[in-house]
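In: predicted coordinates and the sequence they were generated for:
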Amino acid sequence: MDRDQAYMRMLSSTANMQWNIAIMLEAKAAEAEKMRGWICNHVHTHTFNSHQTQLGQSIQMHDQVIEMIEGIAKLNQGIVSIMKAVLQQEEEMSESYGDSLSSLGKGFTFGDKN
């Protein structure tokens, strides 16, 4: 497998990861909406024995949301590192092509008669 094919596989994998992240986010959004509805209708101050229990329950819910966001951020960091590797290689190739083309062009005069 040559370098171009490897980069194409990396980009394809990145696209698949992004698609899966989108599906997970969609499912999490639906779950969060159901959770919000349940919390708004069922969680009141009179349902808990103390303020400390109510606070503990809401901290637990927030911790789950933060854990999910951290996981998605890590996946996105992986995607960024793949994109950087591919784009740096692409820039290096285009710069080297540009240098070689410009050096070829220096030897030609296009009708300049000075």
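Out: Right, received. Where do you want to start? Not measured: the values here are computed from a predicted model.
In: in the protein, what secondary structure element scores lowest on mean pLDDT?
Out: The helix or strand of the chain with the lowest confidence, counting by mean pLDDT, DSSP states H and E, is helix 51-105 at a mean of 77.
In: middle-most residue in this structure, spatially?
Out: Asn76 (2.9 Å; C-alpha atoms, centre = their mean).
In: from Gln54, how far out is it?
Out: 34 Å (C-beta to C-beta, to the nearest Å). In this view, the C-beta of every residue, glycine as well, is placed from N, C-alpha and C.
In: and Ala85, by the same measure?
Out: Distance of Ala85 to Gln54, computed by C-beta to C-beta: 48 Å.
In: can you check Ser13 too?
Out: 44 Å.
In: neighbour count winner among Ala85 and Gln54?
Out: Set Ala85 next to Gln54 and count neighbours by other C-beta atoms under 10 Å: Gln54 wins out with 15 against 12.
In: find the nearest non-adjacent residue to that one, please.
Out: Phe48 (4.1 Å; C-beta to C-beta, 6 or more residues apart in numbering).
In: test my guess that that neighbour contacts His42.
Out: No: look at Phe48 against His42 with C-beta atoms under 8 Å: they stay out of range, at 11.1 Å.
In: need the residues that contact stretch 20-29.
Out: Met68, Ile72, Leu75, Asn76 (C-beta atoms under 8 Å, 6 or more residues apart in numbering).
In: neighbours of Ala32, how many?
Out: 15.
In: in contact with the nearest residue to Thr45 once chain neighbours are set aside, which residues?
Out: Closest residue to Thr45 apart from its sequence neighbours, by C-beta to C-beta, 6+ apart: Gln54 at 6.6 Å. Residues near Gln54 by C-beta under 8 Å, 6+ apart: Val43, Thr45, Phe48.
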